[in-house]
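1. what's the 3D shape of this:
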Amino acid sequence: MSEKNIKTFINELESLVGSNKILIDDIILKLYSKEPSGMEGKANAVIFPESTIDVSKILSLAYEYEVPIYPQGSSSSLSGNAVPLKNGVIVSFERMNKIKELNITDSIAVVEPGIRIDELNTNIEKSGYMFPIDPASQSVATIGGAINNGAGGLKGAKYGTMKDWVNGLQIVLADENGSTLFVGCKTVKCRKGYDLTRLIIGSEGTLALVTEAILRLTPIPESIVTSLGLFNDINDLLNAFIEIKSSGIQPYIAEFMDNKTVEIASNGLDLNFTPEGNMLLVSIDTTKESANKVKKFLENKLSKYNANKIITSLSQEEAEEMGLFKIRRNLFAAQTSMGQSIYGTNKKLQVFIEDIVVPPSKIIQAINKVRDLGNKYGLIISIGGHIGDGNIHPSVVYDPMDESIKNKVINWYNDVMKVALELNGSISAEHGIGLLKKDGLSMEMKYYNSSKEINIMKSIKSIFDPKGILNPGKVL
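-> Presented below is the predicted three-dimensional model:
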């Protein structure tokens with residue numbers, strides 16, 4: 001794609017959607033061309049559509065000029081999903097941020113892709129309902145980005161991921177007309193041939209651009225009991241979780257962080273307790289009448305496995321006041337700070353955050369194997385994640401200019417994915433494939449003797465995006 005073609009595309013697009021929706025300033029382009037992990041690229045422009053019609057015009061013209069399109073929510077992903085690889089334009093959905101319909105009887109919200117998850121929940125919580133998908137970045141993460149990524153989050157133990165909470169989508173195709181298509185239904189039950197909605201969710205913007213989503217809502221639990229336990233031995237923590245999980249109770253939230261990560265994540269936080277040790281955070285939704293019974297249950301299980309400190313709240317509001325979730329929500333910042341403590345704050349660092357998932361019964365083996373790999377390569381690693389559904393996020397922060405460390409990190413990263421496969425898991429749970437896990441995806445297909453699956457995916461991609469202009473270079 002030549003610079004000349006892109007300039008012609010931008011000039012023509014200005015007349016179609018308006019120059020106020022297109023920015024080409026280098027400083028702005030730099031801001032939109034990177035993600036929190038440190039990965040970055042360079043785009044030629046950022047376009048801000050305000051309607052489905054705008055998106056249709058953009059894709060129709062992009063199809064004509066074969067201009068690469070990089071869709072973006074808030075660019076808070078961590079696998080290179082939204083980073084522009086080469087010449088092309090970013091399509092940012094931040095101006096398409098409306099709630100178009102809220103129907104509590106039908107338990108749905110119809111929203112535009114640019115609305116942030118926290119903002120959506122603030123608008124619907126007064127009705128006694130919530131949208132339950134909550135990635136740790138929910139204050140900035142958008143619905144469209146979460147759809148593209150197939151996001152999960154802290155409540156994944158109870159509610160799963162985005163694919164479980166989207167009934168239907170309005171999408172725009174990269175063809176000569178910028179065709180608009182509605183997939184799925186407004187209803188929960190929907191047998192409409194092949195499930196194209198689930199195909200779009202998690203496709204990372206490589207098949208179509210989402211301009212509207214019909215989301216399922218669920219009632220906010222009457223009461224949520226949360227216990228935070230701190231353990232000297234991480235194996236005690238893991239055994240405590242397994243006993244809780246095996247007691248016939250499905251946790252609402254189940255999170256963990258290792259001791260070094262807890263130490264760094266709690267630094268500077270306003271807490272009314274001193275966190276020392278490996279942290280297990282478990283919430284169970286219940287009724288107000290049963291809250292004390294659940295509190296006793298959790299505390300007994302944590303005590304049985306030698307928790308050196310246990311702090312429990314009887315409501316979500318009390319948990320927030322006590323700061324029980326502050327440490328966990330500070331995981332990514334802690335992982336970044338760990339690298340800065342090693343290399344200093346002046347260097348441009350790269351964060352490699354793994355996103356493997358294993359059956360919860362294999363969580364002890366997975367974490368111990370990951371720790372062993374850190375020792376093997378001589379790397380300082382941080383471990384935390386969503387223990388409730390077997391999704392763990394080990395991470396390494398390194399100086400990408402140091403080739404010897406870089407090679408160790410890449411080998412560690414690939415070996416961690418192998419651990420997931422050996423334990424009947426998967427190489428990605430919620431962060432997606434993006435740039436970083438393309439080799440891992442092939443590895444998984446070969447491991448499970450399903451290499452033909454890649455060819456099927458490529459065929460699907462060619463049908464939806466015949467010129468290959470949607471988020472090129474990602475996933476496949």
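
2. any idea how far residue 385 lies from residue 38?
-> Residue 385 sits 20 Å away from residue 38, going by CB to CB, to the nearest Å. Where you see a C-beta, it was placed from the backbone N, CA and C, and this is true even at glycine.

3. which one's more surrounded, those two?
-> residue 385 (30 against 17; other CB atoms under 10 Å).

4. confirm that the more buried one sits in a helix.
-> No: secondary structure of residue 385 (DSSP: H, G, I helix; E, B strand; the rest coil): strand, not part of a helix.

5. residue 249: how many residues sit nearby?
-> Neighbours of residue 249 (other CB under 10 Å): 16.

6. name the residues linked to the residue lying closest to it once chain neighbours are set aside by a beta bridge.
-> Of all residues not flanking residue 249 in the chain, residue 284 sits nearest, at 6.1 Å (CB to CB, 6 or more residues apart in numbering). In this entry, residue 284 is beta-bridged to residue 225, by DSSP bridges.

7. tell me where the stretch 1-150 of the chain has helices.
-> With DSSP state H, counting those that start in this stretch as the criterion, the stretch 1-150 of the chain has helices at 3-17, 26-32, 52-65, 117-124, 143-149.

8. now the strands: where do they sit in the stretch 201-350 of the chain?
-> 209-216, 218-219, 223-231, 253-257, 278-286, 309-313, 350-353 (DSSP state E, counting those that start in this stretch).

9. go through these and find the least confident stretch.
-> For the strands of the stretch 201-350 of the chain, the weakest mean pLDDT is recorded on strand 350-353, namely a mean of 86.

10. before we move on, the earlier item: shouldn't the residue nearest to residue 249 be in contact with residue 245?
-> No: judged on CB atoms under 8 Å, residue 284 makes no contact with residue 245 at a distance of 11.2 Å.

11. between the two, which has more neighbouring residues?
-> Between residue 284 and residue 245, residue 284 has the larger neighbour count (other CB under 10 Å), namely 24 against 19.

12. show me the contacts for that one.
-> 224, 225, 249, 251, 252, 294, 297, 298 (CB atoms under 8 Å, 6 or more residues apart in numbering).

13. can you pick the most crowded of the residues you listed?
-> Ranked by neighbour count (other CB under 10 Å), the contacts of residue 284 have residue 225 at the top, with 28 neighbours.

14. how much space between that residue and residue 297?
-> Taking CB to CB, one finds residue 225 at 9 Å from residue 297.

15. swap in residue 133?
-> Remark: distance between residue 133 and residue 297 (CB to CB) = 27 Å.

16. over to residue 367?
-> According to CB to CB, residue 367 and residue 297 sit 24 Å apart.

17. repeat for residue 425
-> Where residue 297 is concerned, residue 425 sits at a distance of 29 Å (CB to CB).

18. same question for residue 239.
-> From residue 239 to residue 297 the distance is 16 Å (CB to CB).

19. now swap in residue 169 and tell me
-> Look at residue 169 and residue 297: by CB to CB, they are 40 Å apart.

20. do residue 338 as well
-> Residue 338 is 34 Å from residue 297, by CB to CB.

21. do residue 237 as well
-> Residue 237 is 17 Å from residue 297, by CB to CB.

22. quick revisit: now do the shared contacts for residue 284 and residue 245.
-> With contacts defined as CB under 8 Å, 6+ apart, the residues shared by residue 284 and residue 245 are residue 251.

23. report how many residues lie close to residue 9.
-> Using other CB under 10 Å, residue 9 has 22 other residues around it.

24. again with the one 4 residues further on
-> Neighbour count for residue 13, taken as other CB under 10 Å: 23.

25. excluding chain neighbours, what is closest to it?
-> Closest to residue 13 by CB to CB, 6+ apart is residue 61, at 5.7 Å.

26. what sits against the one you found?
-> Neighbouring residues of residue 61 by CB under 8 Å, 6+ apart: 9, 12, 13, 16, 67, 178.

27. could you find the closest non-adjacent residue to the second one?
-> Taking CB to CB, 6+ apart as the measure, residue 12 lies nearest to residue 61, with 6.1 Å between them; neighbours along the chain are not counted.

28. now do the same contact list for residue 29.
-> Shown in contact with residue 29 (CB under 8 Å, 6+ apart): 23, 42, 43, 44, 45, 46, 90.

29. please apply the same query to residue 156.
-> Per CB under 8 Å, 6+ apart, neighbours of residue 156: 386, 388, 389, 391, 430.

30. alright, that wraps it up for me.
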